[in-house]
Each structure stands twice: as C-alpha cells, then as structure tokens.
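# predicted structure and sequence below. I'll ask about it afterward.
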Amino acid sequence: ETGVTQTPRHLVMGMTNKKSLKCEQHLGHNAMYWYKQSAKKPLELMFVYNFKEQTENNSVPSRFSPECPNSSHLFLHLHTLQPEDSALYLCASSQEPGISSGNTIYFGEGSWLTVV
Amino acid sequence: GNSVTQMEGPVTLSEEAFLTINCTYTATGYPSLFWYVQYPGEGLQLLLKATKADDKGSNKGFEATYRKETTSFHLEKGSVQVSDSAVYFCALSDLGGSGNTGKLIFGQGTTLQVKP
C-alpha cells in the first residue's frame, strides 16, 4: 500500500467509448502525475499537476484529457482511443512539485487499459 | 538529452546468488538517481535512491552507489531470493531547462528471475 490508489485496475474499452481512470492519493501531497508504461518501452511521463494546475503536458494526444479537481484526486479521461494506446497507466504523487533530496515520487498500482 | 541505460534482461539467477544490474546515465546538472521495482501485476515501488555523488542507497538488502565519475548507479544484492523476482527500473530526475519539473527519466527495465 503506497497511499496512491488507482481505479479501475483493469479496463477494456472500444475505440468509440468514453471512459475515465481515477487516482486518489492519501499522502497529503501537492503534485500528481500520469505515466504510461507500454510493452518494451521506458515509462513515459504524460502530465504533471502542481497544486491542481497542469504544469507539464508531454506532447500527449488530445484523446487523453486529464483533470485535477483538487490536490488529492487526478483523473484521466479517455475518448476515441486507438489499440496502440493499450498500456499500463500509472498515477503518482509527490509532496512537492519536483525532485529534490527530500522529495520522492510514489506510484499507484496502475490501471491496465486494453483498447479493442 | 538526459537518458538512462540498463542492462538487458532477463537476468536468471539461482537463489542466494549475487545480483548486479547495471545502470548508466547521461545527464546535465546533478540529478537524483532511483531504483524502482515492479512485482508481477503491480505498480512501481521505490526501492532506493541517492541524491548526490558517492551517496549509497540501500533497502531490503539491495544497494546502489551514485558514481559520478562513471555515471553509474548499479544495483547489487548479495543473496537473492525467489521473492525478488520482478522488473527493476533505474531512473533519474530530469531537472529540465527551467528547473525542477518532477519528471523522472526511466530505463527500459530489467527482468530478474530467481529460481529455487
């Protein structure tokens, strides 16, 4: 238990569906992240939110739409995805917006997404 | 740009064998270095970290030393167990041109299989 909870753990969706991934952190952190883990590729940062404000969008297609209503919750809205978007989507959080000696990023267990 | 290179897997060892997983990096500035572990079906967990040159991170019998002269952060364990079977990711903090963005750059991961 890392303090970062993701739901659902597994999701299968069609290319015309609209679905959302949810992340909640119970650590009192101010920064939250979405990462994508595809087979045989390094983890890729998608979005960074600091104090509910998006501070980084790593050239992510608009079919992925993040939402951060407060510092504890982060959503990833999915619409008209492609089969190549099938991957493990990892949410993470950290106390501060950035990497420093005292700041560690904690990951959730991930949501396995399959697009059919 | 910044990057992380890990030895390719899978690495297959017998129980109680000595483990080394090589990790080298390319970075500007002074990044922090991390090892994350991903057990089957789970998300990433921070295993250990080091924030400056010559620091040694350690946890659960695993160690890694931040070697600036060789730009390396090799993971070692003296005696592996079957329960150590997992994928291990080396990562560095990407400080970015504008400062501290909270972005982690990951290697591709090394799968460790420990046989009884």
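Sure, I can see it.

# show me the strands in chain A, by range?
A:4-7, A:10-13, A:18-25, A:31-37, A:44-50, A:53-57, A:64-70, A:73-79, A:87-94, A:106-107, A:111-115 (DSSP state E).

# what would the ones you listed look like in a markdown table with distance to residue B:54, mean pLDDT and mean neighbour count?
Glycine gets a C-beta too; all of them are placed from N, C-alpha and C. Supplementary listing: these in a markdown table, determined by distance: least, CB to CB, whole Å; pLDDT from 0 to 100; neighbours: other CB atoms under 10 Å in any protein chain shown:
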| stretch | distance to residue B:54 | mean pLDDT | mean neighbour count |
| --- | --- | --- | --- |
| strand A:4-7 | 31 | 95 | 20 |
| strand A:10-13 | 43 | 94 | 14 |
| strand A:18-25 | 33 | 97 | 18 |
| strand A:31-37 | 28 | 91 | 24 |
| strand A:44-50 | 28 | 89 | 21 |
| strand A:53-57 | 31 | 83 | 13 |
| strand A:64-70 | 38 | 95 | 16 |
| strand A:73-79 | 36 | 97 | 19 |
| strand A:87-94 | 25 | 92 | 24 |
| strand A:106-107 | 26 | 88 | 22 |
| strand A:111-115 | 39 | 94 | 18 |
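
# residue 82: how many residues sit nearby?
You didn't say which chain, so I picked chain A. Residue neighbour count, defined by other CB atoms under 10 Å in any protein chain shown, stands at 10 for residue A:82.

# not what I meant, chain B
11.

# can you pull the contacts of it?
B:15, B:114-116 (CB atoms under 8 Å, 6 or more residues apart in numbering or on different chains).

# can we see that at 7 Å?
Residue B:82 sits next to B:15, B:114, B:116 when contact means CB atoms under 7 Å, 6 or more residues apart in numbering or on different chains.

# and stretch A:29-38, how far out from the chain middle?
Shown here is stretch A:29-38, whose average C-alpha point lies 5 Å from the average C-alpha point of the whole chain (CA atoms, centre = their mean, to the nearest Å).

# hmm, I typed the wrong one, I wanted stretch B:82-96.
Average the C-alpha atoms of stretch B:82-96, do the same for its chain, and the two points are 4 Å apart (CA atoms, centre = their mean).

# what strands flank the longest strand along chain B, and is each parallel or antiparallel?
The strand spanning the most residues in chain B, taking DSSP E as the definition, is strand B:86-94. Within its sheet, strand B:86-94 is paired with strand B:33-38 (antiparallel), strand B:103-106 (antiparallel), strand B:110-115 (antiparallel), according to DSSP bridges.
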